Every structure is written in C-alpha cells, then in structure tokens.
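Novice: Sequence plus predicted model, see below.
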Amino acid sequence: MMNLKRNSIWFLPLMAVLSAPLWWPMAGALLEPRGDFDAPPPPVISQLKSFVMEQVVLTQHRNGREEFVLEAARINSGIHEDVLEMEKIEARLFGADGRPAVLTGGEAFYHTGREIITVIDDVLVQTPEGREMRTAALRYLVKYRKVKTAEAVLLTDDNLRVAGNNLFYDLVDGTLRLGGGVSVDLY
C-alpha cells in the first residue's frame, strides 16, 4: 500500500504550480522594483549663440547722460558669451563737461560683464583739448570712465611731445598722467 504521508509532500508543489495563474501577478507586483530606473535625461547644454554684425553703433547712457558712442565696422560674438569682438572702432568717450575724447583702434574687445573695452592695433586717443596719445594697446574702464595702459605711449600737442611707458587718463576730471621713463620735448 502506498504511504500517504510521503506522497502528500508532492501535493504542495503540485498545488502551487496549478494555482500559479491566480497568485503569480500579485507576487510579481510585490517583487517589482520601486522607483524610476529610467536613465536620467541628458544635461541641457547651453550652446553659445554666435553672430556677426556690420556697421554697428553702441551707445551707453547713465543717469540720463551719454557716456560713450562706439562705432565698429564689424562686431561678432567672442569665445566667451560676455565678450564682443570688434573691428575698426571709433569711440567718443564723453567727459563730465560733455566734450568727447575720441578713441580709435583696429581691433577691440568689450567685456560686457566687467565693463572693460580693450583696444589694440594702432590705438589713438584724441582729447578734447587737442592732444593725441598713441599706444599699442589700452583699456577703457567704462564703469569708472578711465583710460589706462601699461604700454609705451606717445603724447603729442602743438607745443610738446611726451613719451612714457604707461598712461592714466580720467575722463571725469580730465587728469592725465604719464609714467615710466618719461621724456619731454618742447617746441
């Protein structure tokens, strides 16, 4: 005769297999991982917008007064998003008395965030008093309305010729300083 206790051990697995369609979905839902396992979206890459403009005039006003008018043959976006590259510029920088100093150069960079215009390549500044300053490169600090350079400078007037190794020109009060091995020729 057959041993009923020993054969009943197989009864449980047989019942589990036969009833699997009833409990399998619930067990699967219980064992399903929770949360979002999708790959995260790729990071948003800010692409630099580039542009080129011809025959451009930039004007800046502060407190209702015109501070400078810059004309450029060409302006394009630079390597950094807050730098404008300019070619063949002429800028009229207005002092406190409203008379402009004229700044010209072959190439310039305007750092809009720091408010600095760097001019290179045949730089010439003509003051309202009729003086001319020539240098290889200079910076105009827009916020402070000052022109400065650490390059060799030649300052000429109807009556004098001054050479130096650096220059500081304040448009607000009109002060002009030359330094670094200054030589003066009077006519």
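Specialist: That came through, no problem.
Novice: what's the helix or strand for residue 30?
Specialist: Assigned by DSSP states H and E, residue 30 belongs to helix 20-31.
Novice: ok, then the element right after that helix?
Specialist: Counting by DSSP H and E, the element after helix 20-31 in chain order, helix or strand, is strand 52-62.
Novice: tell me the helices in this structure, going along the chain?
Specialist: 4-8, 11-18, 20-31 (DSSP state H).
Novice: Now tabulate those helices in CSV and tack on mean pLDDT.
Specialist: Putting those into CSV (pLDDT from 0 to 100) gives the following:
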stretch, mean pLDDT
helix 4-8, 64
helix 11-18, 81
helix 20-31, 82
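Novice: quick one: which of these is nearest residue 126?
Specialist: Closest approach to residue 126 among those is made by helix 20-31 (82.9 Å; CB to CB). Where you see a C-beta, it was placed from the backbone N, CA and C, and this is true even at glycine.
Novice: For the closest one, list the C-alpha coordinates in CSV.
Specialist: In CSV, the C-alpha atoms belonging to helix 20-31 read as follows (Å, rounded to 0.1, in the frame of the first residue of the first chain):
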residue,chain,number,x,y,z
ALA,A,20,0.2,29.9,-10.2
PRO,A,21,-2.0,31.8,-12.7
LEU,A,22,-4.0,33.1,-9.7
TRP,A,23,-1.2,34.3,-7.4
TRP,A,24,1.7,35.0,-10.0
PRO,A,25,0.6,38.6,-10.8
MET,A,26,0.4,39.5,-7.2
ALA,A,27,3.8,38.0,-6.4
GLY,A,28,5.3,39.7,-9.5
ALA,A,29,3.9,43.1,-8.4
LEU,A,30,5.3,42.5,-4.9
LEU,A,31,8.8,41.7,-6.3
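Novice: circling back to that earlier point, could you dump the helices of the chain to CSV with mean neighbour count and distance to residue 173?
Specialist: Formatted as CSV, the helices of the chain follow (neighbours: other CB atoms under 10 Å; distance: least, CB to CB, whole Å):
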stretch, mean neighbour count, distance to residue 173
helix 4-8, 8, 109
helix 11-18, 9, 96
helix 20-31, 9, 81
